[in-house]
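[1] Following is a predicted model, sequence given first.
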Amino acid sequence: MLYDAVIIGGGPAGATSAYYLAKAGLNPLVIEQTQFPRYCVGESLLPYNMDIFREMKFDKILEEKGFMKKEGAVFGSSVSKEINRIDFSDGMEPEYSYAYQVPRDEFDNLLLEHVKAEGVEVLQGKVTEPVMDGQKVSGVKIRLSDKSERTIKSKVVVDASGRSSLLARKYNLLIPDPHIETFAVFGLFNNISWPKEAKNGDILILAFEHGWFWFIPFADGRISVGVVVDFKYYQRCRIEPLEDFFDLMIRNASGRVATLLKNASRDEPLHALQKFSRYAEKKSGPGWVSVGDAAMFVDPVFSAGVLVAMSTGRLVASITAEAISKNHELNAETYKPYEDALVSAYNTVLPFIYHFRSPSFQKLLFHPPKDGKLVKLVVTILSGCFFKPELTDQDSKRFWRIVRLIETKDKLVYFLKFHWLFDKFKI
Ligand SMILES: Cc1cc2nc3c(=O)[nH]c(=O)nc-3n(C[C@H](O)[C@H](O)[C@H](O)COP(=O)(O)OP(=O)(O)OC[C@H]3O[C@@H](n4cnc5c(N)ncnc54)[C@H](O)[C@@H]3O)c2cc1C
């Protein structure tokens with residue numbers, strides 16, 4: 001049998017691609033290697049994801065399950081008094097006022113079950129390699145749980161394999177992000193009393209000298225806590241086991257982080273990931289296209305992963321359906337509008353991600369000026385409007401001019417202070 005699309009992976013990107021392909025009257029097959037529910041990091045969603053949930057009729061399920069509503073985000077320093085809460089309803093489109101905090105094992109399972117209920121076929125098995133027809137990908141080879149092998153043919157293979165990036169890895173297309181190389185340790189905690197600066201349901205991001213901590217509260221009282229540090233710093237102070245490294249980071253961060261975690265307890269082991277910021281140089285080719293993390297993922301500080309995964313899944317499904325209906329080839333040229341949209345989306349959020357490491361930018365984010373327009377811009381971008389560049393393009397230019405000015409001023413002040421000390425003490 002020839003499928004219209006074989007999708008590698010049943011996470012948010014794969015499930016969404018499959019849903020929209022099936023709605024367009026095509027026959028997609030999702031191949032997922034694990035038995036859901038399975039643990040996955042990435043629990044904080046963004047308001048601009050709600051459109052896709054509504055379209056997929058998944059919003060009611062999220063509401064019924066009683067996931068924690070997320071109406072804002074708190075960004076601050078662990079030690080200084082600078083801390084700032086953004087409320088999503090203060091954005092340029094106030095209707096994007098909330099999202100959810102979701103344990104991903106449950107969320108991904110519900111999404112895949114929903115997609116199955118809407119008519120998508122899902123097969124448990126591990127894709128081992130693509131099947132080639134000359135230069136063109138024409139299907140996949142899979143290994144089933146009983147160790148038997150199967151070949152499945154399709155018009156296109158959608159790689160939604162997450163950080164495995166099966167096809168980009170095979171074609172040697174993965175490029176590490178040139179600015180960010182990090183190490184993250186994370187787990188689920190109990191007994192954390194919520195700080196007064198945050199509303200119930202907010203995500204809390206607290207920066208310290210070597211990185212930042214996230215706190216993501218769930219409806220059942222558990223809180224996902226993680227720390228992200230520079231990879232080189234991790235190598236320098238590497239200590240085993242992971243728990244000891246995590247405790248060291250709490251001591252380093254001190255202040256708010258240490259207070260929040262003072263009485264915290266944990267039922268499950270910690271997890272770790274390293275060097276996960278990278279992108280595929282090409283995100284499509286003859287007979288294949290990659291979506292979600294398989295195509296690109298750069299740093300989790302603004303919780304963009306699931307939104308990008310689902311948005312790219314939806315966009316690729318729509319381009320594929322149109323191309324199949326017109327008997328067009330499925331190749332890089334066909335998927336160019338998708339690649340352009342993904343790059344433009346990341347270009348909206350990447351400057352925020354890169355500047356988050358700069359103390360001047362942190363000051364601005366943790367203690368913003370009372371300029372209503374700038375606050376609206378920041379809230380809109382951090383709510384996830386990445387796929388609507390026209391909304392923020394103009395104000396973004398002004399915003400980044402101000403940031404550069406502040407950074408230059410801070411560098412100048414630092415330089416002058418240094419020279420003053422140099423002169424005074426004849427260093
Ligand atoms: C430290 C950290 C924190 C994060 N925090 C957030 C956050 O707060 N909010 C947010 O939105 N995002 C966050 N993310 C990102 C988020 O985890 C991902 O962007 C998101 O899960 C991507 O979805 P996906 O469907 O592309 O991939 P995944 O969710 O990874 O799904 C891929 C699926 O493919 C399957 N698969 C892989 N290889 C094969 C194979 N060979 N055969 C069959 N199946 C296969 C896997 O089993 C998996 O189920 C974070 C990421 C990191 C690293």
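    Cool, got the structure.
[2] neighbours of the nearest residue to residue 337 once chain neighbours are set aside, just the number please.
    Once flanking residues are discounted, residue 337 sits nearest to residue 319: 6.5 Å by C-beta to C-beta, 6 or more residues apart in numbering. (Each C-beta comes from the backbone N, C-alpha and C, glycine too.) Residues near residue 319, counting by other C-beta atoms under 10 Å, number 20.
[3] Let me know whether residue 319 touches residue 339 as I believe.
    No - counting by C-beta atoms under 8 Å, residue 319 stays clear of residue 339, with 10.3 Å between them.
[4] sorry, back to before: list the contacts for the residue nearest to residue 337?
    By C-beta atoms under 8 Å, 6 or more residues apart in numbering, residue 319 lies in contact with 334, 335, 337, 338.
[5] Quickly find the element holding the closest residue to residue 122 other than its chain neighbours.
    Spatial nearest neighbour of residue 122, excluding adjacent residues (C-beta to C-beta, 6+ apart): residue 30 at 4.5 Å. Assigned by DSSP states H and E, residue 30 belongs to strand 28-32.
[6] ok, what's across the strand from the residue nearest to residue 122?
    residue 7, residue 122 (DSSP bridges).
[7] Near the ligand, which residues of this structure? Just list them.
    8-14, 31-34, 40-45, 126-127, 160-164, 166, 184, 226, 273, 276, 292-294, 297, 300, 303, 305-306, 309 (C-beta under 6 Å from any ligand atom).
[8] Just the closest residue of the stretch 101-250 of the chain to the ligand, please.
    At 2.4 Å from the ligand, residue 162 is the closest residue in the stretch 101-250 of the chain, using C-beta to the nearest ligand atom.
[9] Go ahead and confirm that residue touches residue 12.
    No - the criterion here is C-beta under 8 Å, and residue 162 misses it with residue 12 at 9.3 Å.
[10] Got a quick ChimeraX command for the buried subset of the contacts of residue 319?
    The buried subset of the contacts of residue 319, as determined by 16 or more other C-beta atoms under 10 Å, is captured in ChimeraX by this line:
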select :334,335,338
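[11] Can you tell me the closest non-neighbouring residue to the residue in the stretch 301-427 of the chain that the ligand sits nearest to?
    As assessed by C-beta to the nearest ligand atom, the ligand sits closest to residue 305 within the stretch 301-427 of the chain, at 2.2 Å. If the residues on either side of it in the chain are set aside, residue 305 comes closest to residue 42, at 4.8 Å by C-beta to C-beta, 6+ apart.
[12] And residue 190, by the same measure?
    Nearest non-adjacent residue to residue 190 (C-beta to C-beta, 6+ apart): residue 265, at 5.0 Å.
[13] same check, this time on residue 82
    residue 366 (3.8 Å).
[14] same thing with residue 23?
    residue 118 (7.5 Å).
[15] Count the residues that sit near the one you found.
    Using other C-beta under 10 Å, residue 118 is surrounded by 14 other residues.
[16] Then residue 347?
    12.
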